[in-house]
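Asks: Dropping the sequence and predicted coords here.
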Amino acid sequence: MEVAWAIGLKFTHGFTRPWPSVLVGCAIAASMFFLGLAVRTIPIGVGYAIWVSIGIVGAAVSGPLLFGQPLRPLPILFLALLVVSIVGLKVTATAR
């Protein structure tokens with residue numbers, strides 16, 4: 001849902017289009033709901049970092065796929081490092 005609302009913002013045209021705006025609002029609410037579920041079992045700092053990172057990576061990858069925006073090798077490298085960090089945070093947050 002995090003990626004859906006981030007990408008959906010493009011279709012709202014500054015919240016001037018009603019239906020895309022409603023869908024984005026619903027996606028934001030759902031995203032917050034799922035974040036709330038996630039932080040039941042992982043620390044809030046880790047949960048929020050993972051949540052935001054999913055949105056970043058999803059939006060960065062969706063841009064070229066949906067809108068033909070360029071994604072060059074160096075940004076791909078840093079996105080990959082972000083994914084490694086997300087996995088590391090999750091693994092170490094749940095390790096006992």
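Replies: Great, that's in hand.

Asks: Just want the most central residue of this structure.
Replies: Nearest residue to the geometric centre of the chain (CA atoms, centre = their mean): Gly55, 1.3 Å.

Asks: Next one: that one from Thr16, what distance?
Replies: According to CB to CB, to the nearest Å, Gly55 stands 23 Å off from Thr16. Placement of C-beta: from N, CA and C, glycine included.

Asks: And the top helix by length along the chain, what's buried?
Replies: In the chain, with assignment by DSSP state H, the single longest helix is helix 44-67. Across helix 44-67, burial judged by 16 or more other CB atoms under 10 Å covers 46-47, 49-51, 53-57, 59-60, 62-63.

Asks: now these as a markdown table including pLDDT?
Replies: Converted to a markdown table, those look like this (pLDDT from 0 to 100):
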| residue | pLDDT |
| --- | --- |
| Val46 | 86 |
| Gly47 | 87 |
| Ala49 | 89 |
| Ile50 | 87 |
| Trp51 | 90 |
| Ser53 | 90 |
| Ile54 | 89 |
| Gly55 | 91 |
| Ile56 | 91 |
| Val57 | 92 |
| Ala59 | 91 |
| Ala60 | 92 |
| Ser62 | 91 |
| Gly63 | 89 |
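
Asks: Need the residues you listed in CSV (columns: distance to Leu79).
Replies: Conversion of the buried residues of helix 44-67 to CSV gives the following (distance: CB to CB, whole Å):
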residue, distance to Leu79
Val46, 19
Gly47, 20
Ala49, 15
Ile50, 15
Trp51, 16
Ser53, 10
Ile54, 12
Gly55, 12
Ile56, 8
Val57, 6
Ala59, 10
Ala60, 6
Ser62, 12
Gly63, 11
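
Asks: roughly how far is the longest helix of the chain from the heart of the chain?
Replies: What separates the centre of helix 44-67 from the centre of its chain is 3 Å, taken as CA atoms, centre = their mean, to the nearest Å.
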